[in-house]
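*Asks:* Quick one, structure for this:
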Amino acid sequence: MKNPLGHELGALLRLAGPLISAQLAHALMIFTDTLMMAMLGPGQLAGGALGATCYFIFSIFCTGVIAAVGSLVAIRHGGGDPAGVTRLLRNGLWLAMLLGVISALCLNGLGPLLPHLGQDPAAASQAMAFLRPLSLGLPAYLCFMALRGFTSAIGHPGPVMTISIIGTIANFVINYALIKGWLGVDLGLSGIGLTTALVSSATALALALYILVSPTYQRYKLRGGLGRPQRAELRALLRLGLPIGGTYAAEQGLFTFATLCMGALGSVQLAAHQIAMQSVALAFIVPQGLSYAVTFRVGMHYGANRLNLSRLAGHLGMGLGAALMLLFALLFWLLPEWIIGLFLDRNDPAFADIITLAVSLLAIAAWFELFDGLQSIAMGAIRGLNDGRITLVIGLTGYWCVGAPLAWLLAFPLGWGAHGVWWGLAAGLAVTATGLVLGFQWKTARLQRPKAGETEACLS
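*Replies:* Model prediction:
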């Protein structure tokens with residue numbers, strides 16, 4: 001390889017583009033569901049938002065666990081082990097279905113608990129109307145994530161992007177037809193949940209069928225079915241996946257904690273927080289998709305024992321992510337009113353206080369965008385080295401030993417209010433990003449260090 005830097009950058013970009021597009025399509029599907037809830041009315045929107053929050057708590061952890069499929073497939077693929085790749089995918093699908101069924105049962109059992117958790121009974125009833133059909137699609141969604149990890153890890157992310165975009169369009173069209181009564185039925189929130197579940201199942205089935213019939217995947221012998229679950233493969237998936245799921249849950253918990261703090265400060269603060277956080281979440285799609293690409297490139301080189309290229313892929317991903325997030329930071333700094341105007345009418349006096357506060361929050365976001373992107377990509381790079389424990393320890397430290405306590409301290413005892421919450425978030429993300437970047441450096445240096453026996457052989 002005459003130019004490893006250029007070759008690796010090109011490979012990373014070819015992988016990252018479709019994965020970022022797929023992440024964007026998924027985000028648009030969530031946005032579509034929210035838009036349709038708003039069309040039904042404020043009561044349905046509140047209940048749907050509560051149901052979506054409950055669903056996300058379970059799905060984010062399960063998605064983290066299933067992310068281990070792509071990471072380990074990349075390592076086996078790099079090591080030239082197609083049989084090992086096949087075993088991992090089959091057991092990943094078994095694990096996805098098991099986690100999906102357990103989570104669906106838990107979600108369906110939330111109805112009696114929500115009022116006891118301080119939720120309005122009417123909102124809880126609406127939430128369950130949305131959750132019951134939606135939860136039925138969770139096993140299929142997790143299977144789609146396992147298949148997505150497999151095909152992307154072996155260097156074929158294109159089908160994921162295409163199917164995700166088609167699914168997002170279908171979700172919008174069917175939901176809109178139901179809301180407008182074009183199909184002759186009015187299912188309300190249940191219709192939105194059912195549509196998303198059916199689309200999730202259809203996308204999983206479409207990706208599975210494509211993998212089965214495409215000649216690209218013939219060497220993996222997948223037409224023989226799932227076979228029986230294998231203890232060794234499941235253990236490997238859980239050993240890596242559980243810490244990843246825990247890290248995802250810890251990060252989401254930090255942002256949920258920030259939302260609760262904003263709610264305690266007042267309705268204006270909560271509304272401004274939600275609008276500003278939507279802007280941050282849209283920007284986060286880019287490093288999130290890039291982090292998957294970095295995981296697969298680092299993992300492939302790690303499996304092939306090309307540790308210098310694993311390190312290069314991680315560094316390139318972090319550098320690229322930092323540059324892109326600095327561009328978003330510049331937008332937040334220079335055009336905050338325009339960005340907030342995408343969500344709220346700037347000419348409506350009723351939104352004046354919310355817009356003023358949201359603009360100032362985006363100014364803080366401009367400072368932590370770099371760290372938000374870096375921590376995601378560095379986390380993906382470490383996962384590519386078959387290590388989830390480092391990310392969990394560093395994540396818990398940054399999110400919950402620094403971010404959450406500092407957000408509360410600045411907001412309430414020190415009286416900084418909403419700005420204090422966001423500066424606490426910034427500090428937590430900065431500590432986490434710094435720790436994960438250093439963790440990747442330490443991990444790759446440790447792996448590249450000659451073992452004692454090798455050192456003695458060289459000296460002799």
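*Asks:* Does anything pack onto the helix or strand encompassing Ala74? Which helices or strands?
*Replies:* Using DSSP states H and E, Ala74 sits in helix 42-78. The contact analysis (3 or more CB pairs under 8 Å, 6 or more residues apart in numbering; DSSP states H and E) places helix 42-78 against helix 4-40, helix 82-108, helix 121-135, helix 138-153, helix 188-213, helix 231-265, helix 267-303, helix 352-383. Where you see a C-beta, it was placed from the backbone N, CA and C, and this is true even at glycine.
*Asks:* Can you say which of those helices is packed in most?
*Replies:* Of all these, helix 138-153 carries the top mean neighbour count, a mean of 26, counting by mean count of other CB atoms under 10 Å.
*Asks:* for that helix, what is the average pLDDT?
*Replies:* Mean per-residue pLDDT for helix 138-153: 96.
*Asks:* So what's the gap between that helix and the chain middle?
*Replies:* Put simply, helix 138-153 sits 13 Å off its chain's centre (CA atoms, centre = their mean, to the nearest Å).
*Asks:* cool, and stretch 381-392?
*Replies:* 16 Å.
*Asks:* in that stretch, what's buried?
*Replies:* Ala381, Ile382, Arg383, Gly384, Leu385, Asn386, Asp387, Gly388, Ile390, Thr391, Leu392 (16 or more other CB atoms under 10 Å).
*Asks:* export the residues you listed to JSON lines and tack on pLDDT and distance to Leu147?
*Replies:* Below are the buried residues of stretch 381-392 laid out as JSON lines (pLDDT from 0 to 100; distance: CB to CB, whole Å):
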{"residue": "Ala381", "pLDDT": "97", "distance to Leu147": "23"}
{"residue": "Ile382", "pLDDT": "96", "distance to Leu147": "24"}
{"residue": "Arg383", "pLDDT": "96", "distance to Leu147": "18"}
{"residue": "Gly384", "pLDDT": "96", "distance to Leu147": "19"}
{"residue": "Leu385", "pLDDT": "96", "distance to Leu147": "23"}
{"residue": "Asn386", "pLDDT": "95", "distance to Leu147": "21"}
{"residue": "Asp387", "pLDDT": "95", "distance to Leu147": "24"}
{"residue": "Gly388", "pLDDT": "93", "distance to Leu147": "21"}
{"residue": "Ile390", "pLDDT": "95", "distance to Leu147": "27"}
{"residue": "Thr391", "pLDDT": "96", "distance to Leu147": "24"}
{"residue": "Leu392", "pLDDT": "96", "distance to Leu147": "25"}
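*Asks:* Tell me the one among those residues nearest to Leu28.
*Replies:* For those, the minimum distance to Leu28 (CB to CB) is 25.6 Å, reached by Arg383.
*Asks:* what's the neighbour count on Lys443?
*Replies:* Residues lying near Lys443 (other CB atoms under 10 Å) number 18.
*Asks:* I misspoke; the intended subject was Gly109.
*Replies:* Close neighbours of Gly109, defined as other CB under 10 Å, add up to 10.
*Asks:* by how many degrees do the helix holding Ala74 and helix 4-40 diverge?
*Replies:* On the basis of axes from the mean of the first three to the mean of the last three CA atoms, to 10 degrees, helix 42-78 is oriented at 160 degrees to helix 4-40.
*Asks:* As TSV, the helices and strands packed on helix 42-78 with distance to Leu72 would be great.
*Replies:* Shown next, in TSV, are these (distance: least, CB to CB, whole Å):
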stretch	distance to Leu72
helix 4-40	17
helix 82-108	5
helix 121-135	27
helix 138-153	8
helix 188-213	17
helix 231-265	6
helix 267-303	8
helix 352-383	10
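*Asks:* out of the ones you listed, which comes closest to Leu312?
*Replies:* Taking CB to CB, helix 4-40 is the member of those nearest to Leu312, at 5.5 Å.
*Asks:* tell me the angle of the closest one relative to helix 188-213?
*Replies:* Helix 4-40 runs at 150 degrees relative to helix 188-213, counting by the same axes, to 10 degrees.
*Asks:* Check which helices and strands helix 4-40 sits against.
*Replies:* helix 42-78, helix 138-153, helix 158-179, helix 188-213, helix 267-303, helix 307-334.
*Asks:* mind checking which of these is nearest Arg132?
*Replies:* Of those, the one closest to Arg132 (CB to CB) turns out to be helix 188-213, at 7.0 Å.
*Asks:* and that closest one with helix 138-153, angle?
*Replies:* Interaxial angle of helix 188-213 relative to helix 138-153 (the same axes, to 10 degrees): 40 degrees.
*Asks:* Relative to the whole chain's centre, how far out is helix 188-213?
*Replies:* Distance of helix 188-213 from its chain centroid, counting by CA atoms, centre = their mean, is 19 Å.
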